[in-house]
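Student: Below: sequence and its predicted model.
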Amino acid sequence: QLQLVESGGGLVQPGGSLRLSCAASEFTLDKYAIGWFRQAPGKGREGVACIMSIDDNTYYRPSVKGRFTISRDDAKNTVFLQMSNLKPEDTANYYCAASLSTVQAQCLMDYAMNYWGKGTLVTVSS
């Protein structure tokens, strides 16, 4: 069974930073587009950031652009989400997901993801 495991969540004050990690067993992440998604209590899931497999192009939802950065470390078979200047509205469970799609327009779409992690909780509060 292909598994993704997220880590790095926690409690942080507004304006603070966190780095989330998404690691894989049984498969190499560089063959997949990797997306970070989040779901806040009582809200639907939304795509936050994505990195393509074919060219490593990155995409972000507008509310996090300039604050979040997605990157790969192929040697560690890990994808990171560096989050800076965090806001209370960033509070959510964060999930990483892997997609075999090479279609740019699908990079932030949860329906295009083939595998999911179980999530890590990020709480931004003073």
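Tutor: Looks like it came in fine.
Student: Which residue ranges of the chain form strands?
Tutor: In the chain, the strands defined using DSSP state E lie at 3-7, 10-12, 18-25, 33-39, 45-51, 58-60, 68-73, 78-83, 92-99, 115-116, 120-124.
Student: Which residues outside the first one are in contact with it?
Tutor: Outside of strand 3-7, the residues that reach it under the criterion CB atoms under 8 Å, 6 or more residues apart in numbering are 20-26, 94-98, 115-120. For the C-beta atoms, the positions are set from N, CA and C on the backbone; glycine is no exception.
Student: Filter these down to the buried ones.
Tutor: Buried members of these, counted by 16 or more other CB atoms under 10 Å: 20-24, 94-98, 115-117, 119-120.
Student: what sits against the residue lying closest to S84 once chain neighbours are set aside?
Tutor: The spatially closest residue to S84, leaving aside those adjacent along the chain, is S17, at 4.6 Å (CB to CB, 6 or more residues apart in numbering). Taking CB under 8 Å, 6+ apart, we find S17 in contact with Q82, M83, S84, N85, L86.
Student: Let's see that with 7 Å instead.
Tutor: Residues in contact with S17, defined by CB atoms under 7 Å, 6 or more residues apart in numbering, are M83, S84, L86.
Student: hey, what's the residue nearest to the last one when sequence neighbours are not counted bridged with?
Tutor: Using CB to CB, 6+ apart and skipping the chain neighbours, the partner closest in space to L86 is V124 (4.6 Å). Legend: beta-bridge partners of V124 under DSSP bridges are V12.
Student: could you list every residue that touches the residue most central in space within the chain?
Tutor: Compute the mean C-alpha point of the chain, and by CA atoms, centre = their mean the closest residue is W36, 2.0 Å away. By CB under 7 Å, 6+ apart, the residues touching W36 are V48, A49, I70, L81, Y94, C96.
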